[in-house]
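[1] Give me coordinates for this.
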Amino acid sequence: MWAALRRRAAPAFLAFLLLVAAGDAWGDPDGSGRDAPAGAREYLSRALDLMEAHSVRRDQVDWPRLRRDAYARTESARTPSDTYAAIIDALTELGDHHSSFLTPVERVITKQATEDTFTGLTGRQLPGPVGYLSLPGVGAAPAGMDTYVRQGRAAVKEAEREGIDCGWIVDLRQNTGGSVWPMFAVAAPLLGEGKVGSFVSPDGSSTPWYVKNRRPGLNGKESRWGPADPVGRPDAPVAVLTGGRTASAGEALLIAFEGRPDTRTFGTASSGLPTANSGFTLSDGAAINLTTAREADRTGRTYDGPIPPDEEVPTARADIRTDRDETLKAATRWLLGQDACRGLRTGS
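    You can find the predicted model right below:
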């Protein structure tokens, strides 16, 4: 039941940012696992307080009405779990389409989830030569993120095994989100040094994302994976492929390429979740992954909704990375038309 309710609250399941622990809202004084009648209301109030204080849409919500509705739905609630449905409904009413709720069990499963390999994370060389790099999504489990970075950096080396003349294709069409930092750690040599984007809070303040020595960072702290190996032509043209499955953290990576010199996007519009989530842990171990910021590119442009490509070239999902992949063909033609590649035959 809770899985269905969670899908109503948000299409994206995993938090974008690292979880930020919030203080306990209530206790379990008798040790029975059931709080006193007032405890459920306090638990719900704490959840609503977090939403009102931190939601990216906090200034666009009728909070008295939202609270009245939530309390009306939980008049008979005695335990925290009795309020879960009301919390999920409130998150849905925020209208950001990205916030979500995880029960204590779901949080444990999410933390333990990992992957030994990422089948969609590949690199190869196309005629030109053009480097092709496909970056799917990745969850927030540390072991999985480490695997993603190792495999992704190896894919970059594979794509560049004979050098790159014409540029790179970065394929984000299967990137449904998760944690953006492993993606940045792989793509850092292609993004360029310096600011590549930022989180924008409801009050207008911003926190930049940056690349320093081929290593992504935020708030003066670089990622734990260390610098990526350099590529032969870090300023080479880049074609980014995007589509309706490019979501959340995948859109953040897309935004990081926006405004980069000699960069063009191809495909169809992204999913429409260019926002960042922060995690708030409730007293029973459940968590609210709350949308707390919008995202802006390196030029300062803030995004809100689906991000259209520079050149719309639809490709059916079944045709991606086949000889019927029109998006890949269009991107390759553009790269082969750049100064370093003029006169070479178009190929894919």
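
[2] hey, C-alpha coordinates of stretch 273-288 in CSV?
    What follows is stretch 273-288, C-alpha atoms only, in CSV (Å, rounded to 0.1, in the frame of the first residue of the first chain):
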residue,chain,number,x,y,z
LEU,A,273,12.2,17.6,-12.2
PRO,A,274,15.2,20.0,-12.2
THR,A,275,15.0,20.3,-8.5
ALA,A,276,17.0,19.1,-5.5
ASN,A,277,15.8,17.1,-2.5
SER,A,278,17.0,17.2,1.1
GLY,A,279,16.3,14.3,3.5
PHE,A,280,14.7,14.8,6.9
THR,A,281,14.6,11.8,9.3
LEU,A,282,11.5,11.6,11.5
SER,A,283,11.5,10.1,15.0
ASP,A,284,10.4,6.5,14.0
GLY,A,285,13.1,6.3,11.3
ALA,A,286,10.8,7.3,8.4
ALA,A,287,12.1,10.1,6.2
ILE,A,288,10.8,13.0,4.1
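
[3] quick one: it to chain centroid distance?
    14 Å (C-alpha atoms, centre = their mean, to the nearest Å).

[4] for it, which positions count as buried?
    For stretch 273-288, burial by neighbour count (16 or more other C-beta atoms under 10 Å) applies to 273-284, 286-288. For every residue, glycine as well, the C-beta is placed using N, CA and C.

[5] can you check stretch 324-337 too?
    Result for stretch 324-337 [16+ other C-beta under 10 Å]: buried residues 325, 327-332, 334-336.

[6] what's the answer for stretch 217-230, then?
    Using 16+ other C-beta under 10 Å as the test for burial, stretch 217-230 gives 217-218, 222-223, 225, 228.

[7] Out of those residues, name the two that are farthest from one another.
    Maximum pairwise distance among those (C-beta to C-beta): 16.5 Å, between Leu218 and Ala228.

[8] Strands of the stretch 51-200 of the chain, residue ranges please.
    For the stretch 51-200 of the chain, applying DSSP state E, counting those that start in this stretch gives strands covering 100-102, 122-126, 130-134, 167-171, 194-200.

[9] could you redo the ones you listed as TSV and give each row distance to Glu251 and mean neighbour count?
    Converted to TSV, those look like this (distance: least, C-beta to C-beta, whole Å; neighbours: other C-beta atoms under 10 Å):
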stretch	distance to Glu251	mean neighbour count
strand 100-102	16	25
strand 122-126	21	18
strand 130-134	16	26
strand 167-171	13	27
strand 194-200	11	21
